[in-house]
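1. here is a sequence with its predicted model. Questions after.
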Amino acid sequence: MGSYKSYEEYDQPITDELKQNYTKILEGIGEDMERDGIVKTPERAAKAIQFLTSGHCMDPAEILQEAMFEEEYHDMIVVKNIELYSLCEHHILPFFGKAHVAYIPDGRIVGLSKIPRVVDVFARRLQVQERLTHNILECINETLRPKGVAVVIEAAHMCMMMRGVQKQNSVTTTSGFRGQFEKIETRTEFMRLIGTDLA
Ligand SMILES: Nc1nc2c(ncn2[C@@H]2O[C@H](COP(=O)(O)OP(=O)(O)OP(=O)(O)O)[C@@H](O)[C@H]2O)c(=O)[nH]1
Ligand SMILES: [Zn+2]
């Protein structure tokens, strides 16, 4: 498993292969590969795509396991407005927005920064927004085993903005709830705290 804190080491054989493939793509769209600005582009793109998909070789459960500790706090913990950048698996174009995550602990809490780290690991994969939402939800549910967990993601999809249907203002909201968040009062309280009226 790669370190989840940085991604500075690129696998050379993979980088070389991706570089050749990006060269073919750029030639395919008629680019002059001798142009100053383009010469290093295949290598840059090869590294960028490896970073943007680096979550495929990381273990998000391990991130939580290493930072869990016992604490008698029984109320809701909300980490909201976590910025999120992912790639849609249909077009390999970005979708981006905010994730809101809450849980109600059952004797164990987790270092706060680990919640956005889990979001990043799942976001740095080829995704659909629905699966990303459930990946985060199930990972926290199964690893931290809280009394309840909730995840809401609000995102805009570049594949719907720059091409295709070309809608600039549509935002997609996905959500998932487990345990105590399946009760309407708890869910409503969470929605009030994140400022969304999905309840
Ligand atoms: N459910 C879901 N669909 C997504 C997501 N990201 C992209 N899509 C959709 O994936 C679908 C792919 O549909 P296709 O008809 O195969 O592809 P397309 O011809 O490029 O579709 P258009 O985008 O409508 O031009 C599109 O409707 C996209 O909007 C996502 O995160 N969740
Ligand atoms: Zn897409």
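-> Right, received. Where do you want to start? Ligands and ions are numbered 1, 2, ... in the order given.

2. from here on, contacts and neighbour counts on C-alpha atoms
-> Noted.

3. tell me if I'm right that Phe95 and Met160 touch.
-> No. Taking C-alpha atoms under 8 Å as the definition, Phe95 is not a contact partner of Met160, at 9.3 Å.

4. for the two, indicate the residue with more neighbours.
-> The residue with more neighbours, out of Phe95 and Met160 and counting by other C-alpha atoms under 10 Å, is Phe95; that gives 23 against 16.

5. any idea which element the more buried one lies in?
-> Phe95 is part of strand 94-104, with elements assigned from DSSP states H and E.

6. what's the strand or helix carrying Met191 packed up against?
-> Per DSSP H and E: Met191 is located in helix 184-194. If contacts are counted by 3 or more C-alpha pairs under 8 Å, 6 or more residues apart in numbering; DSSP states H and E, helix 184-194 sits against strand 77-88.

7. where does this protein have low pLDDT?
-> Low-confidence regions of the chain, defined by pLDDT under 70, span residues 1-8, 197-199.

8. tell me the centre residue of it?
-> For the chain, Ala123 is the residue whose C-alpha lies nearest the centre (C-alpha atoms, centre = their mean; 2.0 Å).

9. tell me who's in contact with that residue.
-> The contact partners of Ala123, taken as C-alpha atoms under 8 Å, 6 or more residues apart in numbering, are Gly55, Leu84, Tyr85, Ser86, Leu87, Leu132.

10. tell me who's in contact with the fifth one.
-> Which is Leu87. For Leu87, the contact set (C-alpha under 8 Å, 6+ apart) comprises Leu52, Leu93, Pro94, Phe95, Ala123, Arg124, Arg125, Leu126, Gln127, Val128.

11. may I ask which of the residues you listed has the most neighbours?
-> If you count neighbours using other C-alpha under 10 Å, the busiest of the contacts of Leu87 is Ala123, which has 28 neighbours.

12. break the chain down into its domains, please.
-> With the TED database serving as the domain definition, the record reports that the chain contains domains spanning 12-54, 66-195.

13. distance of Leu112 from Ile140?
-> Relative to Ile140, Leu112 is positioned 12 Å away (criterion: C-alpha to C-alpha, to the nearest Å).

14. ok, these two, which is more surrounded?
-> In this view Leu112 and Ile140 are compared by other C-alpha under 10 Å, and Ile140 has more residues nearby, 25 against 14.

15. my read: that one touches Gly148, true?
-> No. Using C-alpha under 8 Å as the test, Ile140 is too far from Gly148 to be in contact (9.5 Å).

16. quick one: the residue in the chain that ligand 1 sits nearest to and Thr186, what's the gap?
-> Sorted by distance to ligand 1 under C-alpha to the nearest ligand atom, the residues of the chain start with Val128, at 3.2 Å. Counting by C-alpha to C-alpha, the gap from Val128 to Thr186 is 27 Å.

17. cool, and Glu70?
-> Taking C-alpha to C-alpha as the measure, Glu70 falls 23 Å from Thr186.

18. out of the two, which sits in the more crowded spot?
-> Neighbours per residue, other C-alpha under 10 Å: of Glu70 and Thr186, the larger number sits with Thr186, 18 against 11.

19. residue numbers of the chain in contact with ligand 1?
-> Within reach of ligand 1 by C-alpha under 6 Å from any ligand atom, the chain has these residues: Cys88, His90, Val128, Gln129, Glu130, Met160, Gly164, Val165.
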